[in-house]
Structure formats: structure tokens, C-alpha cells
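Enquirer: Predicted model and sequence follow; I will ask about them next.
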Amino acid sequence: MVTAAQITAAQGVQTALANVEASFPGSRPVALLHRKLAVLLDTFQGDLTPAQYTAFGGGTPKTEPGGGEG
């Protein structure tokens, strides 16, 4: 089971990534971070409720540099 502290930490990472993405739209390094975070999140999917998984961006497509989906 994922703890409240781990959820808070994950939310902080998600917020920081969104802020960086807003500052550097279309950035390849930011897109790479999105992909790596998605892979990490998927490893915890079984420990999260469906609402928690979706809240952290699980199951949603990530924007690729240049506006493509990936």
C-alpha cells in the first residue's frame, strides 16, 4: 500500500514537472521526464486506487515535443 507521505511526494513531483513543462513547452528533456514518470507510476498501479492512478496521470497520453501524442 502506498502511504500518504508517498502520495504527497508524488504530487509534488507531478506539480514540479507541470511547472517546468509550462516554462519550457515542447522540451525534449521534459517529454523524457514525463515518459520516465509514467513508467515509474505504472510500477505502483497495483498499490493505487483507480482515482489515485488517474490523478497522477496514469492512463493518459503524454504530449510529445512538437505536439504529437506519445
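Expert: Received it, and whenever you're ready, just let me know what you need. Numbering: from 1, shown residues only.
Enquirer: Report the buried residues of the host helix or strand of Q11.
Expert: Using DSSP states H and E, Q11 sits within helix 4-23. For helix 4-23, a neighbour-count test (16 or more other C-beta atoms under 10 Å) marks 10, 21 as buried. Just so you know, the C-beta spots here come from the backbone N, C-alpha and C atoms, and that holds for glycine as well.
Enquirer: and it, what does it pack onto?
Expert: Applying 3 or more C-beta pairs under 8 Å, 6 or more residues apart in numbering; DSSP states H and E, we find helix 4-23 packed against helix 28-43.
Enquirer: now D47, nearest residue through space, not along the chain?
Expert: V2 (4.7 Å; C-beta to C-beta, 6 or more residues apart in numbering).
Enquirer: ok, A38 to A4 distance?
Expert: 22 Å (C-beta to C-beta, to the nearest Å).
Enquirer: Y53 now?
Expert: Y53 is 16 Å from A4, where distance means C-beta to C-beta.
Enquirer: cool, and P29?
Expert: Counting by C-beta to C-beta - P29 and A4 are separated by 30 Å.
Enquirer: go on, L32?
Expert: Distance check for L32 against A4: by C-beta to C-beta, it reads 29 Å.
Enquirer: How about K36?
Expert: 24 Å.
Enquirer: Check A51 too.
Expert: 15 Å.
Enquirer: which residues touch the residue nearest to Q14 when sequence neighbours are not counted?
Expert: Take Q14 and drop its neighbours on the chain: the residue closest to it by C-beta to C-beta, 6+ apart is F56, 6.0 Å away. Neighbouring residues of F56 by C-beta atoms under 8 Å, 6 or more residues apart in numbering: 10-11, 14, 41, 48.
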